[in-house]
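Undergrad: Task: produce atomic coordinates for the following.
(2 chains)
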2 protein chains.
Amino acid sequence: MQVLIVFCHPEPQSFNGALRELAVSTLEDLGHQVEVSDLYAESFDPVEHPAHYLQRIEPDRFLPLTEQRQAFQAGTLPSDVQRELQRIERADLVILQFPLWWHGLPAMLKGWFDRVMVYGGTYSGSMRYDRGYFSGKRVMASLTAGSPAPAFTRHGRGGDMATLLWPLHCSLYYLGMTVLPPHVIYGIQGSGVSYQDESEFRAHLEDEKAGWIRRLKRLGSDAPIPFSGWSDWDEDGVLNADHPLAWRP
Amino acid sequence: MQVLIVFCHPEPQSFNGALRELAVSTLEDLGHQVEVSDLYAESFDPVEHPAHYLQRIEPDRFLPLTEQRQAFQAGTLPSDVQRELQRIERADLVILQFPLWWHGLPAMLKGWFDRVMVYGGTYSGSMRYDRGYFSGKRVMASLTAGSPAPAFTRHGRGGDMATLLWPLHCSLYYLGMTVLPPHVIYGIQGSGVSYQDESEFRAHLEDEKAGWIRRLKRLGSDAPIPFSGWSDWDEDGVLNADHPLAWRP
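TA: Next up is the predicted model:
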């Protein structure tokens, strides 16, 4: 299996950095090939911007999707976007490794979607969801959150984690990917202030590293997150009223 | 009333740009003062990065929150972050104007949170939620989405809009702000491809502009989105089990 790890953290010595290294070594030991896209180290530009399109089809007004489609068709996408697309093309499994910042992806990783997932190339009106371009590829979010786990439960003040990750999972499914349940590690703070003492914090980190290795070893047997698909929807893209999961007031 | 519009779109001539202009003129006509933070025009850097901290407290390892707190206390925050904080300080109401990209904020606007909302300055363990720093300020998301409205309903394939905006609303409430219901305009595509013809699309845009003006005129009477607060939570930050809204299995 070919695995792509998209790593988004400004500090290689961070706990996210340690999780990345563990993923590389564990997956390689299992016989897989691993490639890492290190967004910060490669100074990826996350901002979708007219400056990325040197040969504009619409020079007077910047229409991002129009320029994306044109550049994809003409083979003139920016080199970093082409590189990221090639990496995804090569992969059977994509792991997104990042810290939860402000209830979502760091800007660097959000912009990886904004720029790399080009209209007309990775999706279109008819090529999305279970007819998506990246159909057959699996993907998993692996993230750290600062607050302890209870804050991210259904009634937690941090916001239910499944809901916080829903937009990301929607995007991944939109692209046709098979979305595995996320691997979330809670209570990871640079300062370790939530813990009684440093040794308690260190023990937590070691436990979580072991848990990550266990998760990586059983990735093959993980059941994906279920989504509805084209055959479930009416012409407006809404779940058919007679669908067993449709809610009725 | 002092209003700050945080505008995030790469093209001033876009429909988002038109909504921004309408907000400025409508609010000024109502007697309010309006300031615009135009993130693309000002080349805001959305990437939280060690290069922003010239005097590091921890030079060997970049701990974003530690450096943010230190820079806030020492008065050495980057000048663009200081400018954005001053703009928010001056405002009674903040309007975030953006297109929904990949089920969330464009990277540019996401990074505005990552960099401007500094730890130790705009929040801390005890200064958040209904004890938040920006308590008393109101905020509203005003956004456009490409697909028509049905796709973003509860059973729509685009993902329920309230759920997609939940992470953003969590962040705004975390900062202590009073969050008004969002203003969402659907079916806005650069190409207008969802419409029978150009005139139908133009009519839709004009209708939506009129709706935006009406919304702006009644902002004063909008009821905010309700959130639970410190008095509702146990020591783990979870809704008290006897709270009337607590779900029981």
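
Undergrad: Pull out the buried residues from stretch A:6-15.
TA: By neighbour count with 16 or more other C-beta atoms under 10 Å in any protein chain shown, stretch A:6-15 contains the buried residues A:6, A:7, A:8, A:9, A:10, A:11, A:12, A:14, A:15. (Each C-beta comes from the backbone N, C-alpha and C, glycine too.)

Undergrad: Just the ones of those in strands?
TA: Those of those mapping onto strands are A:6, A:7, per DSSP state E.

Undergrad: Save the buried residues of stretch A:6-15 as CSV, and put in distance to residue A:44 and pLDDT too.
TA: Converted to CSV, the buried residues of stretch A:6-15 look like this (distance: C-beta to C-beta, whole Å; pLDDT from 0 to 100):
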residue, distance to residue A:44, pLDDT
A:6, 10, 98
A:7, 11, 98
A:8, 9, 98
A:9, 13, 97
A:10, 12, 97
A:11, 16, 95
A:12, 15, 95
A:14, 17, 93
A:15, 21, 95
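
Undergrad: mind checking the SS state of residue A:207?
TA: What DSSP: H, G, I helix; E, B strand; the rest coil gives for residue A:207 is helix.

Undergrad: Near it, how many other residues are there?
TA: 11 (other C-beta atoms under 10 Å in any protein chain shown).

Undergrad: returning to that earlier point: give me the subset of the buried residues of stretch A:6-15 that also touch chain B.
TA: A:10, A:11, A:14 (C-beta under 8 Å from any C-beta of the partner chain).

Undergrad: quick one on the thing from earlier: and which of the buried residues of stretch A:6-15 is nearest residue A:82?
TA: residue A:6 (15.6 Å; C-beta to C-beta).

Undergrad: hey, what's the closest one bridged with?
TA: Note on residue A:6: beta-bridge partners by DSSP bridges are residue A:37, residue A:96.

Undergrad: Quick check, it in contact with residue A:91.
TA: No. Applying C-beta atoms under 8 Å as the test, residue A:6 and residue A:91 come out as separate, 9.6 Å apart.

Undergrad: Now do the helices in chain A.
TA: Secondary structure of chain A (DSSP state H): helices at A:15-29, A:64-74, A:79-90, A:107-116, A:161-164, A:166-174, A:198-217.

Undergrad: Out of these, which one sits most buried?
TA: Of all the helices of chain A, helix A:107-116 carries the top mean neighbour count, a mean of 26, counting by mean count of other C-beta atoms under 10 Å in any protein chain shown.

Undergrad: That one close to chain B?
TA: Yes. Counting by C-beta under 8 Å from any C-beta, chain B has neighbours in helix A:107-116: A:107, A:108, A:110, A:111, A:113, A:114.

Undergrad: So residue A:17 versus chain B, what's the distance?
TA: 10 Å (C-beta to the nearest C-beta, to the nearest Å).

Undergrad: what residue ranges in chain A score low on pLDDT?
TA: Counting by pLDDT under 70, chain A has low-confidence residues at A:190-194, A:248-249.

Undergrad: ok so, going back, would you reformat the helices of chain A as JSON lines and include distance to residue B:120?
TA: Output for the helices of chain A, formatted as JSON lines (distance: least, C-beta to C-beta, whole Å):
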{"stretch": "helix A:15-29", "distance to residue B:120": "20"}
{"stretch": "helix A:64-74", "distance to residue B:120": "36"}
{"stretch": "helix A:79-90", "distance to residue B:120": "34"}
{"stretch": "helix A:107-116", "distance to residue B:120": "20"}
{"stretch": "helix A:161-164", "distance to residue B:120": "23"}
{"stretch": "helix A:166-174", "distance to residue B:120": "28"}
{"stretch": "helix A:198-217", "distance to residue B:120": "20"}
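
Undergrad: Of all those helices, which one is nearest residue A:47?
TA: In terms of C-beta to C-beta, the element of those nearest to residue A:47 is helix A:107-116, at 6.0 Å.

Undergrad: how about the CA coordinates for the closest one, as PDB?
TA: C-alpha atoms of helix A:107-116 as PDB (Å, rounded to 0.1, in the frame of the first residue of the first chain):
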ATOM      1  CA  ALA A 107      -5.200  27.800   7.600                       C
ATOM      2  CA  MET A 108      -2.200  26.000   6.000                       C
ATOM      3  CA  LEU A 109      -4.200  22.700   5.600                       C
ATOM      4  CA  LYS A 110      -7.500  24.400   4.800                       C
ATOM      5  CA  GLY A 111      -5.700  26.200   1.900                       C
ATOM      6  CA  TRP A 112      -4.400  22.800   0.700                       C
ATOM      7  CA  PHE A 113      -8.100  22.000  -0.100                       C
ATOM      8  CA  ASP A 114      -8.800  25.500  -1.500                       C
ATOM      9  CA  ARG A 115      -5.900  25.300  -4.000                       C
ATOM     10  CA  VAL A 116      -5.200  21.600  -4.700                       C
END
